[in-house]
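**Q** Got a predicted structure plus its sequence, pasted below:
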Amino acid sequence: GQQVQQSPASLVLQEGENAELQCNFSSTATRLQWFYQHPGGRLVSLFYNPSGTKHTGRLTSTTVTNERRSSLHISSSQTTDSGTYFCAIDRRSGNYKYVFGAGTRLKVIA
Amino acid sequence: EAAVTQSPRSKVAVTGGKVTLSCHQTNNHDYMYWYRQDTGHGLRLIHYSYVADSTEKGDIPDGYKASRPSQENFSLILELASLSQTAVYFCASSDLGPRGAETLYFGSGTRLTVL
């Protein structure tokens, strides 16, 4: 089945530092999303990025499909970036079954 | 912004009892999903639906039933709740972008404790 590995499992940064979160998957993904879970539990989509590079604010997602990996770069981290980041993959075109990784728990301290 | 509303926000159930979790979305999305999240873990898909009156099994359907009576509503039913079903349950809906892009919109979650 589809396996999604995320690394690191957890990360602590000083405010202002950059972070690089990794997502590796075992089968070709036709769809890939990055999600952010607030400390209180709410989940929001950050990027839909099955291939290439996308930017929004201080976040950059890069997916290299043929290498089965994606990364999420956070620049100039802020305390409000604290939370858990999930990568989710769907490899079956037309059938939206996303499989989630275990997440990277990020803590940014002032 | 798509709205997905779950109820209840939290629930305590007894082992062997019946539990129904409800989800309502207001953006005419075709797809709706139920995921569970265990502490410190990612989300796992229980059931999903792409049209009213039809549901599909996800990756961990055992012990759960789903119902999609209308496009807006999607319920998750635990006929005989068990201790192992203690978790946070998330409902989500999705749209189809012009190039097949898709964004999942999540509800706030239901924290279920089975005693």
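**A** Happy to help now that I have it.
**Q** ranges for the strands of the chain?
**A** You didn't say which chain, so I picked chain A. A:4-7, A:10-14, A:19-25, A:31-37, A:43-48, A:52-56, A:59-64, A:69-74, A:83-90, A:99-100, A:104-109 (DSSP state E).
**Q** that's the other chain; I wanted chain B
**A** So, for chain B - with DSSP E - the strands run B:4-7, B:10-13, B:19-25, B:31-37, B:43-51, B:54-57, B:65-67, B:73-78, B:87-94, B:104-106, B:110-114.
**Q** Can you say which of the ones you listed is nearest to A:T28?
**A** strand B:43-51 (19.0 Å; C-beta to C-beta). (C-beta placed from N, C-alpha, C; glycine too.)
**Q** which residues are in contact with the closest one?
**A** A:43, A:86, A:88, A:96-100, B:30-37, B:55-61, B:64-66, B:68, B:71, B:74, B:76, B:89-90 (C-beta atoms under 8 Å, 6 or more residues apart in numbering or on different chains).
**Q** Which members of these are classed as buried?
**A** The neighbour count (16 or more other C-beta atoms under 10 Å in any protein chain shown) marks A:43, A:86, A:88, A:96-100, B:31-37, B:55-56, B:58, B:61, B:64, B:66, B:68, B:71, B:74, B:76, B:89-90 as buried among the contacts of strand B:43-51.
**Q** before we move on, back to that, need the strands of chain B in CSV with mean pLDDT, can you?
**A** Listed next are the strands of chain B as CSV, based on pLDDT from 0 to 100:
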stretch, mean pLDDT
strand B:4-7, 96
strand B:10-13, 97
strand B:19-25, 98
strand B:31-37, 93
strand B:43-51, 91
strand B:54-57, 92
strand B:65-67, 98
strand B:73-78, 98
strand B:87-94, 94
strand B:104-106, 89
strand B:110-114, 97
